[in-house]
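Chemist: please find the sequence and the predicted model below.
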Amino acid sequence: MPPAAMPGVGEEAAEEQQTKQGGPALEGLVVGSYCHDVLLRGGRVVGETLGGAAAFVSTVLDAASPPGASFSVVSKVGPDFAYASAPAPARHPPLLCPAPTTSFHARFSDAAAHDAPDRQLSRVHACDPIYPDDLPDRRFAYGLAVGVAGEVLPETLDRMIRLCRAVLVDAQALIRVFDAAAGGGGGAAVRHTALEGTPYAPLLQRVAFLKASSEEAPYIGVETARRRCCVIVTEGKEGCRLYWDGGEARVAPFSAVQVDPTGAGDSYLAGFAAGLLWGLSATDAALIGNFFGAAAVSQIGVPTFHPEMLQVCAHDTYYSTHQYSI
Ligand SMILES: Nc1ncnc2c1ncn2[C@@H]1O[C@H](COP(=O)(O)OP(=O)(O)O)[C@@H](O)[C@H]1O
Ligand SMILES: O=P([O-])([O-])O[C@@H]1[C@@H](O)[C@H](O)[C@@H](O)[C@H](O)[C@@H]1O
């Protein structure tokens, strides 16, 4: 069986913590930096938006968490940060550093080149890493490690694991390396390294869920990783698969008209976490993840969610008949 729910997170755990500590029972900790995204097609800038997994994750958690499930965000930006008044950073302000805000160029392939990857990313600036001491010194029900530019250091992930009852990790926080020779335009091309050779690998057995895109999956070694934690591989418009020690499940997608793939994986992970917070099983929570991933690709930049979309999601998840198109 896949993990029934987020370990230690759910109604009973909530009641227990509420009674013992009187604080917010389901408080989460989101660690990863906001960034600037420049979207390019055919060498021309077609959009400039707020980015960073923390921005997408905060937006989805704000929309979909159960009542009373608050969360704190630990994110770093520089003095040039252009989106301080956007909803996510305004509600969850970042720490200010002297270094410039992390920024990425995302180059999209033409529709004609069908077998090309959706986008090629290069990192143009990297703000400071997030250190263990940057994290609040208190306990959390759950944590989301969602770095985009290597800012979640191994020692920071280790501290998250100590502070949080369950930690969900986006593989992109662990396996990205930056190739200055191949970036173009002053940036460094985003590449991947094998997770097994990194200092993050020994931490995996203390992580609850590790999510990777299908492009990242070969680098995390699904067969090894699934013996240490539950692994989720997202497969774009095909939905996702969950792998655990002894089994796997496929969870079907919602259909969407994709206008910008940015943030699909981030939104998926936050939707998945929200599903677990509502007490759903991992496979049902993955359906919520698919809903938010589909919603993300159907809008440019950080999406907005309307109450009627969420009602349809709740209905379709309840009946497991997600025929809804976004
Ligand atoms: N074109 C699409 N149509 C419907 N759902 C999508 C589409 N693209 C992505 N999704 C949803 O978002 C999730 C994450 O997308 P994916 O492309 O796999 O991640 P990433 O953004 O990390 O590359 C998918 O598992 C799926 O649920
Ligand atoms: O699209 P996705 O993989 O879910 O996540 C994206 C990151 O890969 C990218 O580095 C960042 O610039 C985007 O804002 C977004 O966070």
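Modeler: Cool, got the structure. All of these numbers come straight from a predicted model, not from anything done at the bench. Residues are numbered from 1 along each chain as shown. Ligands and ions are numbered 1, 2, ... in the order given.
Chemist: run the chain-centre distance for stretch 200-213.
Modeler: Here the centre of stretch 200-213 is set off from its chain's centre by 13 Å, with CA atoms, centre = their mean, to the nearest Å.
Chemist: so which bits of the stretch 201-326 of the chain are right by ligand 2?
Modeler: Thr262, Gly263, Ala264, Gly265, Asp266 (CB under 6 Å from any ligand atom). All C-beta atoms are positioned from the backbone trio N, CA, C, and that covers glycine.
Chemist: in TSV, list these along with neighbour count, pLDDT and secondary structure.
Modeler: As requested, these are exported to TSV (neighbours: other CB atoms under 10 Å; pLDDT from 0 to 100; DSSP: H, G, I helix; E, B strand; the rest coil):
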residue	neighbour count	pLDDT	secondary structure
Thr262	25	96	coil
Gly263	30	97	coil
Ala264	27	98	helix
Gly265	27	98	helix
Asp266	30	98	helix
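Chemist: dump those to CSV, plus distance to Ala208.
Modeler: Below are these laid out as CSV (distance: CB to CB, whole Å):
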residue, distance to Ala208
Thr262, 26
Gly263, 22
Ala264, 21
Gly265, 17
Asp266, 18
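Chemist: name the nearest of those relative to ligand 1.
Modeler: Gly265 (2.3 Å; CB to the nearest ligand atom).
Chemist: direction included, what does whichever helix or strand Val231 is part of pair up with?
Modeler: When elements are assigned from DSSP states H and E, Val231 belongs to strand 230-234. Strand 230-234 pairs in its sheet with strand 209-213 (parallel), strand 240-244 (antiparallel), by DSSP bridges.
Chemist: nearest to Gly52, of these?
Modeler: strand 209-213 (16.2 Å; CB to CB).
Chemist: what average pLDDT does the closest one get?
Modeler: Throughout strand 209-213, pLDDT has a mean value of 98.
Chemist: so what's the nearest residue to Ala296 once chain neighbours are set aside up against?
Modeler: What sits nearest to Ala296 in space, not counting adjacent residues and going by CB to CB, 6 or more residues apart in numbering, is Ser267, at 3.8 Å. Applying CB atoms under 8 Å, 6 or more residues apart in numbering, one finds that Ser267 lies in contact with Phe56, Val57, Thr59, Val60, Phe292, Gly293, Ala295, Ala296, Pro303.
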